[in-house]
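Asks: Here is my input; please provide its structure:
(chains A and B)
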Amino acid sequence: MNKALYAAASGMAAQQQNLEIISENLSNADVAGFKGAAATFDDVAAPGGTSLGTASIGTHTVFTQGKLMHSGGPFDLAIDGPGFFAVVDERGRHAYTRSGEFSRSADGTLRTPQGWRLQGVRIPDNALSATVADDGTVTVRTAKGTSVCGRIRLTEFAAPEFLRSDGGTLFFATRASGKPRSVEPGSPGGPAVKFGMLEKSNVTIIEAMMQILAAQRAYEANAKGVQAADEMMRIADNLQRG
Amino acid sequence: MSGAYHAHMDGIGWAASAMNAARVRLDTATENLANGSTDGFRKTDVRGFLTARGVAMERSRSAAQGPLRRTGRPFDLAIIGSGEFRVRGSDGRAVSTRNGAFTRDRFSRLVDDAGRVLLGNRGPVRVPDGARIEENGSVTRNGIVLERIALPAGSSVRSGFLESSNVDAIGEMIDVLTAQRSFESAQKVLSAIDQTRERASTQVAQLK
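Replies: Sure, this is the predicted structure:
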């Protein structure tokens, strides 16, 4: 029964960890460009092949494409395909994001809500409006006509799953992710920049709710296993007292 | 049954074997329940049967296919049919698993969340840009087979899917309850026999 107790307890711990990850996903289901995470569990096998329960062996970020939706912001951008927007902060740190909620700041640069600057573009003061083509070319319209004022390039990594996440929508390069590689959007088969759109979180509320329900049920089932093991140990204990 | 009855088996022996069988059933059910979220996990089935020495339990690994779950990640792999992935950890030890949640690293190798690399027919499998994993387990680019993930005949591999655990939580819950109840019943039988014997040893002497 001791084995049962530990196995069931390991199941409860696994489901608790699972719930934490799903809740984290769910709370970011409305955040543009957010990528969900998933945990991997493995059975803990004792020599001889019997299982001693389960344990988490790690988590990974799920970089599947989120749905693109039309949005109202004048500088909203989305990436259709792989890649990231390269952004830089005041201290010169580089980060990568798929959240394209940019707004124009006083100096004409496009910035994320946290103030990170999108590289490769500056909107001139006299611009009346701006558009971004699928290939990242930024065209502004002024009183004198239209002109190209920059090109947004995207960044790809050999192994994006190994980027370090800030817990939100920013990612940082690591040794394991490989070096950032600049790519031009808009080539056939490659990623494209979509102007006036945002990429929704790839976590859907319905899916996350279903996962939460399943994890809760599994947690309860394992708790029942703990109870049963405890009850049987009590019975066995009484037996010895005669 | 009488011919096979073992000389040393009395009522207490039978009740004890039933309690032990219930313990094995509980151990197995909790192991299975704990792995309800372990992708690629194959549950252990138990079967009780009578022997000359009481109730015996036989454990066997289920071969039932777990349900496939779509993930959309290109290097999540699910095996349909028999067979396992061979993965090698940093300690150099190769193990088999049906959990195919792989991520491509910067060397184009496929690694799982524990950092173990997927092995093919010649060392770690590499999936360069533009290559794909075919259903027969071969890694191809432009129609040329680069390497192969070994699979038994008749099995196939599906990318973008994971095989969920084949544990059925309801069945395991029933097993937990069954184990608990049969443990209780066997204990009552054992206590009843014990009391009878106690009476026999204390009250027989009081006969007048």
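Asks: going forward, measure contacts and count neighbours with C-alpha atoms only.
Replies: Noted.
Asks: Give me the below-cutoff pLDDT ranges for the chain.
Replies: Because you didn't say which chain, this covers chain A. Within chain A, the ranges that satisfy pLDDT under 70 run A:48-49, A:240-242.
Asks: wait, chain B
Replies: In chain B (pLDDT under 70), the answer is B:1-8, B:205-208.
Asks: Residue of it closest to chain A, please.
Replies: B:Ala34 (3.7 Å; C-alpha to the nearest C-alpha).
Asks: How about the backbone phi and psi for the residue lying closest to that residue once chain neighbours are set aside?
Replies: Nearest residue to B:Ala34, sequence neighbours excluded (C-alpha to C-alpha, 6 or more residues apart in numbering or on different chains): A:Gly11, at 3.7 Å. Torsion angles at A:Gly11 (phi, psi; degrees, to the nearest 10) stand at phi -70, psi -40.
Asks: so A:Gly11 makes contact with A:Asn222?
Replies: Yes - using C-alpha atoms under 8 Å, A:Gly11 is in contact with A:Asn222, at 5.9 Å.
Asks: Return every residue with contacts to both of the two.
Replies: B:33-34 (C-alpha atoms under 8 Å, 6 or more residues apart in numbering or on different chains).
Asks: circling back to that earlier point, and the residue nearest to B:Ala34, what is it in contact with?
Replies: A:53-55, A:219, A:222, B:33-36.
Asks: A:Lys224 and chain B, how far apart?
Replies: 8 Å (C-alpha to the nearest C-alpha, to the nearest Å).
Asks: Show me the contacts of A:Gly11 that map onto helices.
Replies: Under the assignment DSSP state H, the contacts of A:Gly11 contribute A:219, A:222, B:33-34 to helices.
Asks: Show me which of those is closest to B:Arg116.
Replies: Of all the ones in helices among the contacts of A:Gly11, B:Arg116 sits closest to B:Ala34, with 22.6 Å by C-alpha to C-alpha.
Asks: Tell me how far the residue nearest to B:Ala34 lies from B:Ile12.
Replies: Taking C-alpha to C-alpha, to the nearest Å as the measure, A:Gly11 falls 34 Å from B:Ile12.
Asks: three-state assignment of B:Asn20?
Replies: Put simply, B:Asn20 is helix when judged by DSSP: H, G, I helix; E, B strand; the rest coil.
Asks: so which of the ones in helices among the contacts of A:Gly11 comes closest to A:Glu101?
Replies: Using C-alpha to C-alpha, those come closest to A:Glu101 at A:Tyr219, 37.9 Å.
Asks: Now do the same contact list for that closest one.
Replies: So A:Tyr219 contacts A:11-12, A:15-16 (C-alpha under 8 Å, 6+ apart).
Asks: Dump the ones in helices among the contacts of A:Gly11 to a markdown table, plus distance to B:Val117.
Replies: Below are the ones in helices among the contacts of A:Gly11 laid out as a markdown table (distance: C-alpha to C-alpha, whole Å):
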| residue | distance to B:Val117 |
| --- | --- |
| A:Tyr219 | 31 |
| A:Asn222 | 31 |
| B:Leu33 | 28 |
| B:Ala34 | 25 |
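Asks: Spell out the secondary structure type for the residue lying closest to A:Ala221 once chain neighbours are set aside.
Replies: Spatially, and ignoring its direct neighbours in sequence, A:Ala221 is nearest to B:Met173 (6.6 Å; C-alpha to C-alpha, 6+ apart). The local conformation at B:Met173, judged by three-state DSSP, is helix.
Asks: the helices in chain A, which residues?
Replies: A:2-27, A:205-241.
Asks: So what's the residue count around the closest residue to B:Arg61 other than its chain neighbours?
Replies: Of all residues not flanking B:Arg61 in the chain, B:Thr44 sits nearest, at 4.5 Å (C-alpha to C-alpha, 6+ apart). Neighbour count for B:Thr44, taken as other C-alpha atoms under 10 Å in any protein chain shown: 19.
Asks: can you check A:Lys200 too?
Replies: Neighbours around A:Lys200, by other C-alpha under 10 Å: 22.
Asks: Please apply the same query to B:Ser62.
Replies: Using other C-alpha under 10 Å: B:Ser62 sits among 14 other residues.
Asks: near chain A, which residues of chain B?
Replies: With the criterion set to C-alpha under 8 Å from any C-alpha of the partner chain, chain B comes near chain A through B:23, B:26-39, B:41, B:72-73, B:101, B:103-108, B:113-114, B:169, B:173, B:176-177, B:180, B:183-184, B:187, B:191.
Asks: for chain A, longest strand please?
Replies: For chain A, the strand with the greatest residue count under DSSP state E is strand A:51-61.
Asks: For the spatially closest residue to B:Arg116 that is not a sequence neighbour, give me its contacts.
Replies: Leaving aside its chain neighbours, B:Arg116 sits nearest to B:Gly89 (4.2 Å; criterion: C-alpha to C-alpha, 6+ apart). Shown in contact with B:Gly89 (C-alpha under 8 Å, 6+ apart): B:114-117.
Asks: Which members of these are the farthest-apart pair?
Replies: Across the contacts of B:Gly89, the longest distance by C-alpha to C-alpha is 9.0 Å; it joins B:Ala114 and B:Val117.
Asks: Pick out the residue nearest the middle of chain B.
Replies: For chain B, the residue lying nearest the average C-alpha position, counting by C-alpha atoms, centre = their mean, turns out to be B:Lys43 (3.1 Å).
Asks: so who does that one touch?
Replies: Contacts of B:Lys43 by C-alpha under 8 Å, 6+ apart are B:32, B:61-62, B:165-167.
Asks: Also A:Asp230?
Replies: With C-alpha under 8 Å, 6+ apart, A:Asp230 has these contacts: A:1, A:5.
Asks: how about 7 Å then?
Replies: Not one residue lies near A:Asp230 by C-alpha atoms under 7 Å, 6 or more residues apart in numbering or on different chains.
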